[in-house]
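> sequence? don't have it. structure:
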């Protein structure tokens, strides 16, 4: 008993010292869920997320059952012979135009423009309905096959059977392990895949809004995805572009998070790349978060 009681304070001191040396251990605490997962469409559940430490953070996540009947995906199509690769759209406009039920911003792009319908270039891989809209660079990507198998991978990519794909900045969760990286705080958009490959998670974390939601590091994004149930995860484009939109009960787009284009809370940025999800409505219509 004396040995155990004597060892306990030393163990406590060790943990405190370890956490002081590695502050990210505190930062990667799982966020609190505001309620339970709630079905909003057939095969799609929603949950709101919040954290108070190490700073205020708010997020929104959907969990997509890749085996559910009627679940389909769509990445932003090419703009054809026009300059650039795609034309700029708000995420809400993308959802409405393509009659999706859920949509997020996806791959990095340039330039940032203020109006919809302007030509833009996508950075990294993007595939839309089997058409390679943007070629792979050094960025990783989320790949979704014709039979809804989702994977997160680094280049070079094997695109046989891939129907839709969107690139991201970095892998943040690999084989259940959070990928550490020195990264500043930003709004973040991310995607994760469960270990058994059945579920795809989409995540939006707001940022740049003191006292409301101040943003996340990429390691925190990996930790949040892991807490949701992901095994692998990718950090997509974020910052002022971060947006998550769903179709409401009247068939109109509803922005779930609080985007901050141009430093103005609630302002959506037009983007070159999106990922949309199509799903069947629930018997009584979409349940609203």
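Arrived safely. Please read all numbers here as calculations on a predicted model, not as lab measurements.

> C-alpha from now on. contacts and neighbour counts both.
Fine.

> Quick check: which ranges of the stretch 151-289 of the chain have low pLDDT?
For the stretch 151-289 of the chain, the stretches with pLDDT under 70 are 285-287.

> residue boundaries of the helices in it?
218-228 (DSSP state H, counting those that start in this stretch).

> Go over the secondary structure and confirm residue 93 is in a helix.
Yes. Under DSSP: H, G, I helix; E, B strand; the rest coil, residue 93 falls within a helix.

> now it, nearest residue through space, not along the chain?
Distances taken as Cα to Cα, 6 or more residues apart in numbering place residue 253 nearest to residue 93, at 7.7 Å, with adjacent residues excluded.

> Could you do residue 246 as well?
Distances taken as Cα to Cα, 6+ apart place residue 102 nearest to residue 246, at 4.4 Å, with adjacent residues excluded.

> likewise residue 100?
residue 278 (4.7 Å).

> what does residue 151 give?
Here the nearest residue to residue 151 in space, its sequence neighbours aside, is residue 143; by Cα to Cα, 6+ apart that works out to 5.3 Å.

> what's around that neighbour, how many residues?
A count of neighbours around residue 143, defined by other Cα atoms under 10 Å, yields 24.

> oh, and call the first residue 15 from now on, that's how I've got it
Sure, I'll start counting at 15 from here, so that last one is residue 157.

> That one belongs to a helix?
No. Counting by three-state DSSP, residue 157 is located in no helix; its state is strand.

> Can you name the residues that contact the residue nearest to residue 114?
By Cα atoms under 8 Å, 6 or more residues apart in numbering, the residues touching residue 292 are 84, 85, 86, 87, 88, 113, 114, 115, 116.

> Check those for burial and list the buried ones.
Among the contacts of residue 292, those that count as buried by neighbour count (16 or more other Cα atoms under 10 Å) are 85, 86, 87, 88, 113, 114, 115, 116.
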